[in-house]
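K.L.:
sequence and predicted structure below; questions after.
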There are 2 protein chains.
Amino acid sequence: MRTRFYNARVLTMESDRDIFFGEVWVVEDRIIFVGTEEEGRLYCDKHKDTILIWDREIDCKGNLLMPGFKNAHTHSAMTLMRSKADDLPLQDWLGTQIFPIEAKMTGEDIYHLSKISILEYLTSGITSVFEMYLTPFTVADSFRDCGMRCVQTSCVNNFSQSVELLEKYYTDINGRDPYNSFILGVHAEYTCSRELLEKCAELVHKYRAPFWAHIQETEKETKECIERYGMTPIELFDSLGLFDYGGGGYHLVWTNDRDREIMKKRGLYAVTNPGSNTKLASGIAPIAKYLECGIPVAIGTDGPASNNCLDMFREMFLVTGLAKLKDMDASSVDATEVLKMATVNGAHAMGLDDADVLAEGKLADIIMVDLQQPNMQPINNIVKNLVYSGSKSNVVMTMIGGIIRYENGKFNIGVEPSEVYGKAEEIKNRIYG
Amino acid sequence: MRTRFYNARVLTMESDRDIFFGEVWVVEDRIIFVGTEEEGRLYCDKHKDTILIWDREIDCKGNLLMPGFKNAHTHSAMTLMRSKADDLPLQDWLGTQIFPIEAKMTGEDIYHLSKISILEYLTSGITSVFEMYLTPFTVADSFRDCGMRCVQTSCVNNFSQSVELLEKYYTDINGRDPYNSFILGVHAEYTCSRELLEKCAELVHKYRAPFWAHIQETEKETKECIERYGMTPIELFDSLGLFDYGGGGYHLVWTNDRDREIMKKRGLYAVTNPGSNTKLASGIAPIAKYLECGIPVAIGTDGPASNNCLDMFREMFLVTGLAKLKDMDASSVDATEVLKMATVNGAHAMGLDDADVLAEGKLADIIMVDLQQPNMQPINNIVKNLVYSGSKSNVVMTMIGGIIRYENGKFNIGVEPSEVYGKAEEIKNRIYG
């Protein structure tokens, strides 16, 4: 499939390139050219031997092309519990509502329930997710069948999965198909014994691989770890060698200076989840401090039962807005930085270095943003518009690996939305009775 | 125009009525029937003399009909400054960025620039706004010409407008056309002399009318008023008799127990603006305390230069989310309460008692929400879905006074969006040079 986008404003997200008017050319799953119309002519002169015949030429009518968003933390199949257990504190929510329902979910349920989230990601211009859930193989099947990129980590803990399974996921899912990959990780300190964490550290060293987990999401969890070990979860994980090859944490709301020193030293990523931390009253992550320390931040929606919306636009506004409130400083965490978190940093955190920016040779994970809707007018500053007034209603096209999976409200994931909702309804009826 | 909506889920927002499956019938600008299909047949039997011939029958396909949102605080023409002056504290933002640009805006500019916001309101299911800006007559023209409901108050202060003009707006705009009305008010304590406020109090008593202003938005403004008068703005306004006939305030972030006692005693409304208070780092309003005291809360987006998005879904999430963070309690400010703020309370605050709920005899200000988009699936709880995962992309129809002004992405406001954007571009070029 060869697609030419023309008449576009292009935001490559390369740090040295401003938005320009031009074209993006895609052949198979890669970008072969990004530049002005004039540069396009020069490219053709240079590559006379390669005749470019387009399957499709898309007139972008001045709208914006940019890299797809990277949703750096989610639990996709939790659509089942969306709006089912709201307005509860995190520990109650997990213990009394989520875990009992999860105990009844099968791998096949998870395959189908993930697809509701996949549909929603596409509407919000999300082209890759960093996923953690109960049955990694059926999750991988779901994303592969829909043609969406998925980097998984394990939610292994004392009650679910095992280190043996974790290794099997790691070796079997990596390299399995073009859409799926797998990174080592556990659910969280508060659900894992020291023995389990030590076994994970052996895997980390065996594969010289980065390590991820939910870390210091709530004050309670952080304090209880200090009571147990005399250390914060970050200090504990670091002392066990889990961060010897980098990685990062989801949430990281309750970190202190010492934690941030470790994060900096180990090159860890902080994935922030402001929607979830807000709804579950977990707190506001110290984003400005991460930036000051040079710790890269990425953004995740968290799952649809904790947020409940899988919308990168809402998350972007919350990242900067909550930082402004926390610091009582309206200049805290600029929009430009936030857009980088939602795209480039997310890609790097997830090991998707080929999907970070729009440039020759990169994966064609591209979205088109409609600038002709009223919330994007007038055009004083497109980047600020995206972060402060942008909405998923502006996303009119989502392309993953060169294939358009969402366009003007229509999906192309091999199954009709009504069928996906019907399956979810069946599962709901079986589990909720 | 006679419109029959059928096959709908109906959320009337009456306190004693759950969502049901049924119909809503509209004749001219009013609702004549809301009920189940069976109730509809009974209605027809009773009204045999009135033959109902529909101009249009709309199959809602199970989607949701509900009252339109009431945006209870905005400055619509500030689209000009959207994304032009972000990441600045409120007082700098006003003094160095906003006021100098506003000095160059004409009434005609304001007429045109308001229309970008009107387009955006329609996409978010907003059917009425509580507006405050520089040239109330051209604002009223803009809303009338687009067919959107607008309740204005004055931004009179020491530098702009006058009490004489305020009275003229009040007498001339009220009753002028079906879309516009006017309520007494001033910009804020910090921009008004005591003499000006005293003159306003005379008007309040002359017309026995409620009174509104920006009140206690920032800590600085509140402290400085205490330094000037030994009283908070609420105490000052109350001492001058400005609240003798009720009214309310926009923002109300920095109130104390004594302020809230006055608010309760005078029957004042608190209009909260969480998006703006977040972006400008003004603080988090004590919403749970207002609810405890029985002070009715409504929701406003504030203007497009301070928020910058005119999206009631984002505001609804922020109202409950920020309350949860402020109180560190995930059960603070339930979704049901938030939805009431965004509809019923807003209508009452704005004096639009006829546009509060869906019921026989009420104004036909109705929206349709698409429940077949993935963010609304599965349907565990529609009200929680609206507040926690809802998005303006779910709004597929906005009807005001019986006329559909927005439907499936298309507008019906007497002018094409491209023409509105073109006018804004001309104004931008003239003012910014």
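P.N.:
Sure, I can see it. Numbers count the residues shown, from 1 in each chain, chains lettered A, B, ... in the order given.
K.L.:
going forward, measure contacts between C-alpha atoms and count neighbours the same way
P.N.:
Fine.
K.L.:
what about A:V271, helix or strand, and which?
P.N.:
Here A:V271, judged by DSSP states H and E, is contained in strand A:269-272.
K.L.:
which strands or helices does that strand pack on?
P.N.:
Strand A:269-272 is packed against strand A:247-251, strand A:297-299, with contacts defined by 3 or more CA pairs under 8 Å, 6 or more residues apart in numbering or on different chains; DSSP states H and E.
K.L.:
what strands line up against it, and which way round?
P.N.:
Strand A:269-272 has these partner strands in its sheet, going by DSSP bridges: strand A:247-251 (parallel), strand A:297-299 (parallel).
K.L.:
can you give me the offset of the first one from its chain's centre?
P.N.:
Between the mean C-alpha point of strand A:247-251 and the mean C-alpha point of its chain there is a distance of 12 Å (CA atoms, centre = their mean, to the nearest Å).
K.L.:
and the next element down the chain from it?
P.N.:
Heading C-terminal from strand A:247-251 (DSSP H and E), you reach helix A:257-266.
K.L.:
that next one vs strand A:247-251, what angle?
P.N.:
Here the directions of helix A:257-266 and strand A:247-251 differ by 140 degrees (axes from the mean of the first three to the mean of the last three CA atoms, to 10 degrees).
K.L.:
residues contacting the residue nearest to the spatial centre of chain A?
P.N.:
Nearest to the geometric centre of chain A sits A:N71, at 1.6 Å (CA atoms, centre = their mean). Counting by CA atoms under 8 Å, 6 or more residues apart in numbering or on different chains, A:N71 makes contact with A:I126, A:T127, A:S128, A:V129, A:F130, A:I299, A:G300, A:T301, A:M312, A:A342, A:G346.
K.L.:
what about 6 Å?
P.N.:
A:V129, A:G300 (CA atoms under 6 Å, 6 or more residues apart in numbering or on different chains).
K.L.:
lowest average confidence, helix or strand, in chain A?
P.N.:
Within chain A, no helix or strand scores below helix A:90-92, which has a mean of 74 by mean pLDDT, DSSP states H and E.
K.L.:
following the chain onward from that helix, which element is next?
P.N.:
Next along from helix A:90-92, by DSSP H and E: helix A:99-102.
K.L.:
right, and the helix or strand after that next one?
P.N.:
helix A:107-123.
K.L.:
which residues touch that following helix?
P.N.:
Contact partners of helix A:107-123, identified using CA under 6 Å, 6+ apart, comprise A:S76, A:A77, A:T135, A:T138, A:V139, A:S142, B:P374, B:N375.
K.L.:
report pLDDT for the residue lying closest to the third one once chain neighbours are set aside.
P.N.:
What that stands for is A:T135. In space, and not counting its chain neighbours, A:T135 is closest to A:G107: 5.6 Å by CA to CA, 6 or more residues apart in numbering or on different chains. pLDDT, A:G107: 98.
K.L.:
got it, and A:W93?
P.N.:
So, for A:W93, pLDDT stands at 78.
K.L.:
that one: neighbour count?
P.N.:
Neighbour count of A:W93, defined by other CA atoms under 10 Å in any protein chain shown: 18.
K.L.:
please name the nearest non-neighbouring residue to it.
P.N.:
Using CA to CA, 6+ apart, the closest residue to A:W93 is A:A85 (6.9 Å).
K.L.:
specify the local secondary structure of the one you found.
P.N.:
coil (DSSP: H, G, I helix; E, B strand; the rest coil).
K.L.:
from B:T218, how far off is A:S331?
P.N.:
Relative to B:T218, A:S331 is positioned 16 Å away (criterion: CA to CA, to the nearest Å).
K.L.:
now A:K428
P.N.:
Distance, A:K428 to B:T218, by CA to CA: 47 Å.
K.L.:
swap in A:N71?
P.N.:
The gap separating A:N71 from B:T218 is 34 Å, by CA to CA.
K.L.:
mind pulling up the phi and psi values for the residue of the stretch 51-200 of chain A found nearest chain B?
P.N.:
Here the residue of the stretch 51-200 of chain A nearest chain B is A:D87; by CA to the nearest CA that distance is 4.1 Å. Phi and psi for A:D87, reported as degrees, to the nearest 10, are phi 60, psi 40.
K.L.:
show me what from the stretch 151-300 of chain A comes close to chain B.
P.N.:
Neighbours of chain B within the stretch 151-300 of chain A, by CA under 6 Å from any CA of the partner chain: A:T278, A:K279, A:L280, A:A281.
K.L.:
which of those fall in helices?
P.N.:
Taking DSSP state H as the definition of helices, those contribute A:T278, A:K279.
K.L.:
and the residues of the stretch 151-300 of chain A next to chain B, which is closest to B:R9?
P.N.:
Nearest to B:R9 out of these is A:K279 (CA to CA; 26.8 Å).
K.L.:
my read: that closest one touches B:A323, true?
P.N.:
No. Counting by CA atoms under 6 Å, B:A323 is not a contact partner of A:K279; they are 9.2 Å apart.
K.L.:
the more surrounded of those two?
P.N.:
Set A:K279 next to B:A323 and count neighbours by other CA under 10 Å: A:K279 wins out with 31 against 27.
K.L.:
so what's that one up against?
P.N.:
B:G321.
K.L.:
cool, and A:S306?
P.N.:
A:S276.
K.L.:
and it, how far is that from B:L318?
P.N.:
15 Å.
K.L.:
and A:L371, by the same measure?
P.N.:
25 Å.
K.L.:
who has more neighbours, the two?
P.N.:
B:L318 (25 against 22).
K.L.:
any idea which helix or strand carries the more buried one?
P.N.:
Going by DSSP H and E, B:L318 is part of helix B:312-327.
K.L.:
neighbours of the residue nearest to A:W93, just the number please.
P.N.:
18.
K.L.:
and for A:S239?
P.N.:
12.
K.L.:
confidence score at it?
P.N.:
Per the predicted model, pLDDT is 98 at A:S239.
K.L.:
ok, now how distant is it from A:I262?
P.N.:
Distance of A:S239 to A:I262, computed by CA to CA: 10 Å.
K.L.:
who's A:L64 bridged to?
P.N.:
A:R9, A:V369.
K.L.:
so what's A:T12 up against?
P.N.:
Per CA under 6 Å, 6+ apart, neighbours of A:T12: A:M66, A:V357, A:L358.
K.L.:
from those residues, pick the one nearest B:R405.
P.N.:
Nearest member of the contacts of A:T12 to B:R405, counting by CA to CA, is A:M66, at 31.7 Å.
K.L.:
pretty sure that closest one sits against A:L11.
P.N.:
Yes. Applying CA under 6 Å, one finds A:M66 in contact with A:L11, separated by 5.0 Å.
K.L.:
neighbour count: those two, which is higher?
P.N.:
Looking at A:M66 and A:L11 with other CA under 10 Å, you find the greater number of neighbours at A:M66, namely 22 against 19.
K.L.:
which residues touch that one?
P.N.:
If you count contacts by CA under 6 Å, 6+ apart, A:M66 has them with A:L11, A:T12, A:I366, A:I367.
K.L.:
let's have the residues you listed in a markdown table, adding pLDDT and distance to A:M81.
P.N.:
A markdown table is the format used below for these (pLDDT from 0 to 100; distance: CA to CA, whole Å):
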| residue | pLDDT | distance to A:M81 |
| --- | --- | --- |
| A:L11 | 98 | 36 |
| A:T12 | 98 | 37 |
| A:I366 | 99 | 30 |
| A:I367 | 99 | 29 |
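K.L.:
tell me the residues of the stretch 301-433 of chain A that contact chain B?
P.N.:
A:308-309, A:321, A:324-325, A:328-331, A:374-375, A:380-381, A:384-385, A:388-389, A:393.
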